[in-house]
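**Student:** got a structure for you, letters missing:
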């Protein structure tokens, strides 16, 4: 009898909640998301573009909406500033093999109704204010978070101007940063907690994150390499990073609960005897280790290169991919700065591959821009991550699973009324 009362209470509570949602958000449309592979997926990113939404309803209001799955409201956001992934964004915890899931987007056509969710992604950029430049060092001042920075010409590596030396982005799994100076290389923050942690890095000493902190630490040494997924180009057999430019600016385009992104514009990137304008968008979503990299580059460079730092403690793996899975470059072993296991990978379309190669510092893949665009993903897995990947076998299974999922995106259909 007691359990029947509890069950009835739960049902009534759920019913009342559903009625409240329908009252607050009276308009709706349904979306069908279909898994196109015969294996389950976790943490599936779904983006409904403004154009796709507009085909079904002209009344949609980005200031008052919720996404409902399985009778429950799930975290969502609306991307206004990310041109590559604009619109309604949410993440499905799981899609079973070859299965479909129906979700409902409910909205109020005229109201403003903010929603609050646990933050599972973050992007930030923090630099000093209130001090002064002396040659190439910034003396004094305090760190302030900003959404945009035109990089000062005085700024170089170890200028003490930008907290942890560049912008950072993270999910509940892992964090990343890149050096917003002449190095322009990507580094990894291993996390011991799913909580957002970047706001703690570099606050109690400029480079204290090189040692273990309560939230984690910098787990990879970049040096003169491509780090993991850094942007470069191979010239005379060696990868050059985005080192010589006329001007650079950086913008936090989204800093949301389920999705965050950063746009960096490099004007006049010198590759050999030619200059190129390069626009780089890096993004991450809740529940994933993957960073999506979308590059737009002018003036037809011979190649865009990316890759992974060389480390004698790590094994190298490459796959040319095929129609069923993306190609990749990966390493795994005790290559972390904590002397434990770290897996690194870059994944890309097989059709974009010019060749796998290497130089003194990096394992490299050369990619061919298609109409000035290059898309690839990179990721890091650290054995210190709670519940994370603990050995080489798990890492390779994970990489191959990701490669298959990238080649076979989910099907998203907004249902007609």
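**Tutor:** Good, I have the coordinates. The structure displayed is predicted, hence computed values, not measured ones.

**Student:** so which residues of the stretch 201-350 of the chain form strands?
**Tutor:** With DSSP state E, counting those that start in this stretch as the definition, the stretch 201-350 of the chain shows strands at residue ranges 216-218, 232-235, 238-241, 247-255, 259-271, 274-285, 291-297, 304-309, 314-319, 327-333, 342-348.

**Student:** include mean neighbour count when you put these into CSV, please.
**Tutor:** (C-beta placed from N, C-alpha, C; glycine too.) As requested, these are exported to CSV (neighbours: other CB atoms under 10 Å):
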stretch, mean neighbour count
strand 216-218, 24
strand 232-235, 22
strand 238-241, 21
strand 247-255, 20
strand 259-271, 22
strand 274-285, 21
strand 291-297, 20
strand 304-309, 26
strand 314-319, 17
strand 327-333, 24
strand 342-348, 27
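
**Student:** okay if I get the ones you listed as a markdown table plus mean pLDDT?
**Tutor:** Shown next, in a markdown table, are the strands of the stretch 201-350 of the chain (pLDDT from 0 to 100):
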| stretch | mean pLDDT |
| --- | --- |
| strand 216-218 | 96 |
| strand 232-235 | 98 |
| strand 238-241 | 97 |
| strand 247-255 | 98 |
| strand 259-271 | 98 |
| strand 274-285 | 98 |
| strand 291-297 | 98 |
| strand 304-309 | 98 |
| strand 314-319 | 98 |
| strand 327-333 | 98 |
| strand 342-348 | 98 |
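
**Student:** nearest to residue 151, out of the ones you listed?
**Tutor:** Between residue 151 and the strands of the stretch 201-350 of the chain, the shortest gap by CB to CB is with strand 247-255, which sits at 4.4 Å.

**Student:** tell me who's in contact with the residue nearest to residue 81 when sequence neighbours are not counted.
**Tutor:** Leaving aside its sequence neighbours, residue 81 sits nearest to residue 253 (CB to CB, 6 or more residues apart in numbering; 4.4 Å). By CB atoms under 8 Å, 6 or more residues apart in numbering, the contact list for residue 253 reads 81, 82, 123, 261, 262, 263, 281.

**Student:** so what's the fifth one bridging to?
**Tutor:** This points to residue 262. residue 252, residue 282 (DSSP bridges).

**Student:** help me confirm that it comes into contact with residue 121.
**Tutor:** No. Residue 262 is beyond contact range of residue 121, at 11.4 Å (criterion: CB atoms under 8 Å).

**Student:** list the residues that contact both of the two?
**Tutor:** Joint contacts of residue 262 and residue 121 (CB under 8 Å, 6+ apart) are residue 169.

**Student:** what number of residues lie near residue 66?
**Tutor:** When neighbours are counted by other CB atoms under 10 Å, residue 66 registers 20.

**Student:** for it, what are its contacts?
**Tutor:** Residue 66 sits next to 21, 25, 73, 76, 105, 106, 107, 115 when contact means CB under 8 Å, 6+ apart.

**Student:** kindly recompute the last result at 10 Å.
**Tutor:** Residues near residue 66 by CB atoms under 10 Å, 6 or more residues apart in numbering: 21, 24-25, 28, 73-76, 90, 104-108, 113, 115.
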